[in-house]
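Enquirer: Need a 3D model of the following:
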Amino acid sequence: MPQTGQLVDPARNFNFLVEIDGISQASFSECSGLSSTTEVIEYREGGNNSTVMKIAGKTAFGDITLKWGITDNLDLWNWRQQIIDGQFNRKNGAVILFDLAGSTEVARWSFHRAWPTKCELPAFTAKGNDIAIETLVLAHEGLTRP
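Expert: I've put the predicted structure just below:
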């Protein structure tokens, strides 16, 4: 814990790791969509007609989008194929943020009961020399920060 008045630099967004149960994907170039939103329910209370009251409704979690350069590793592809084939296999995972040196964990967000809803392959062109980026979208049922 820093001392009062001591300047602490915020963590950078590029030094991260994604863990998924039983998946040994080496690295991801991008991870986005970590979010939660709680619905607002408005109602009027009897006798108080000038103010709208608000209470919390259901909470929804944003889909997680993972992007990586295509390699010969088929772990994520096979997981998606299992869903297509009707084998509904959910997995837990985490997104871990490291310090600038990459040695100390700064933050961890755990996602629960995830499954791949979409796989998107890159556009292939003989005129380009970009890295072929594959995209996988995960639906999940919870996001915590242990």
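Enquirer: contacting residues for the residue nearest to the spatial centre of the chain?
Expert: Nearest to the mean C-alpha position of the chain, by Cα atoms, centre = their mean, lies Ile64 at 3.5 Å. By Cβ atoms under 8 Å, 6 or more residues apart in numbering, the residues touching Ile64 are Cys31, Ser32, Gly33, Leu34, Val95, Phe111, Ala114, Val137, Leu138, His140. Yep, even glycine has a C-beta here, placed from its N, CA and C like the rest.
Enquirer: repeat that for 6 Å
Expert: Gly33, Leu138 (Cβ atoms under 6 Å, 6 or more residues apart in numbering).
Enquirer: For the remainder of this discussion, apply numbering that starts at 54.
Expert: Done: numbering now begins at 54, and the last item shifts to Ile117.
Enquirer: Which strands or helices does the biggest strand by length in the chain pack on?
Expert: Criterion DSSP state E: the longest strand present in the chain is strand 158-173. Applying 3 or more Cβ pairs under 6 Å, 6 or more residues apart in numbering; DSSP states H and E, we find strand 158-173 packed against helix 128-137, strand 144-151, strand 186-192, strand 196-197.
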